[in-house]
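>>> missing the sequence, but the structure's below:
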């Protein structure tokens, strides 16, 4: 990045999250040191990567990071997010391999806009690609329930495509999703959320994105899920956490 008075190199890496091997899962761009970048510049770089999310690590001294965690900012191609699952796991994993002090730690704490998130790691296995990490998310906060017909319209579906026994509801563990149970897996398979319609609908609610689920037809007690938004579809997302409403999901 340069202008008429200065030039600076910014090193970054691309990692795959929720993946068993390279070039699978959900891709993430990580800028190793975003110190000195403005919010607008971070947004511009995130737009340039054109991935679902891009993170910027803002290194501080070892004592501060030990006390407060490693500061990280998360951007989509259009906006900054307070929290997102795969950027949190991916950035913490990159730090596990590369941080000068935290390298190889059993747990790494990140300081995000939404607050502190800790990621715990299992010991790496020799010859294994990557590392396995688990994050402890914030407790779910339940928000508004949504009208079946209005949600169906926003999703580009018919009212009967929505599971009428379960109300769509906003749930947040740092990122607010309107979680929608669809009638069956066939509806989920043909889901193509129209970005304009969904964005207009969500702008008037307490939810940021939709997260659609349907009961698996082949695996008992399993739900299939898809998360589509303005930048396409995430193959997996870690920030949408489904909790059974009252009554439980399996209640009649």
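Perfect, I can see it now. Since we're looking at a predicted model, the values are computed, not measured.
>>> quick one: low-confidence parts of the stretch 1-150 of the chain?
1-6, 127 (pLDDT under 70).
>>> mind giving me the domain ranges of the chain?
For the chain, the structural domains run 12-136, 141-234, going by automatic domain parsing.
>>> Please convert those to JSON lines, extending it with distance to residue 240 and mean neighbour count.
C-beta coordinates here come from the backbone N, C-alpha and C atoms, glycine included. JSON lines is the format used below for those (distance: least, C-beta to C-beta, whole Å; neighbours: other C-beta atoms under 10 Å):
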{"stretch": "domain 12-136", "distance to residue 240": "8", "mean neighbour count": "17"}
{"stretch": "domain 141-234", "distance to residue 240": "4", "mean neighbour count": "17"}
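>>> Just the strands from the stretch 151-252 of the chain, written as ranges.
Under the criterion DSSP state E, counting those that start in this stretch, the stretch 151-252 of the chain carries strands at the ranges 169-172, 176-181, 209-215, 223-229, 232-234.
>>> now the ones you listed as CSV including distance to residue 89?
Shown next, in CSV, are the strands of the stretch 151-252 of the chain (distance: least, C-beta to C-beta, whole Å):
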stretch, distance to residue 89
strand 169-172, 18
strand 176-181, 17
strand 209-215, 17
strand 223-229, 15
strand 232-234, 13
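>>> rank those by mean pLDDT and give me the bottom one.
Mean pLDDT is lowest for strand 232-234 out of the strands of the stretch 151-252 of the chain, coming in at a mean of 87.
>>> Can you tell me the strand partners of it and which way each runs?
strand 223-229 (antiparallel) (DSSP bridges).
>>> Give me the contact list for the strand it pairs with.
177, 185, 188, 191-193, 195, 198, 209-216, 233-234, 237, 240, 242 (C-beta atoms under 8 Å, 6 or more residues apart in numbering).
>>> closest to residue 48 out of the strands of the stretch 151-252 of the chain?
Taking C-beta to C-beta, strand 232-234 is the member of the strands of the stretch 151-252 of the chain nearest to residue 48, at 16.1 Å.
>>> Please tell me how far that closest one is from the chain's geometric centre.
Centroid separation between strand 232-234 and its chain, computed with C-alpha atoms, centre = their mean, to the nearest Å, is 11 Å.
>>> next one: stretch 75-86
7 Å.
>>> likewise stretch 10-22?
With C-alpha atoms, centre = their mean, you get 15 Å for stretch 10-22.
>>> now swap in stretch 11-31 and tell me
Centre to centre, stretch against its chain (C-alpha atoms, centre = their mean), the figure for stretch 11-31 is 13 Å.
>>> do stretch 94-104 as well
22 Å.
>>> first vs last residue of that stretch, how far apart are they?
For stretch 94-104, the separation between the terminal residues is 10 Å (C-alpha to C-alpha, to the nearest Å).
>>> which residues are in contact with that stretch?
The contact list for stretch 94-104 (C-beta under 8 Å, 6+ apart) reads 13, 15, 30, 32, 57, 62, 65-66, 70, 105, 108, 121, 131, 133.
>>> and which of these is nearest residue 203?
residue 30 (29.7 Å).
>>> in which helix or strand would I find that closest one?
According to DSSP states H and E, residue 30 maps onto strand 26-31.
>>> the inter-axis angle of that strand versus strand 223-229?
Angle of strand 26-31 versus strand 223-229, following axes from the mean of the first three to the mean of the last three C-alpha atoms, to 10 degrees, is 50 degrees.
>>> List the contacts of strand 26-31.
Contacts for strand 26-31 (C-beta under 8 Å, 6+ apart): 10-19, 37, 42, 45-46, 49, 51-57, 86-87, 90-91, 94, 234-237.
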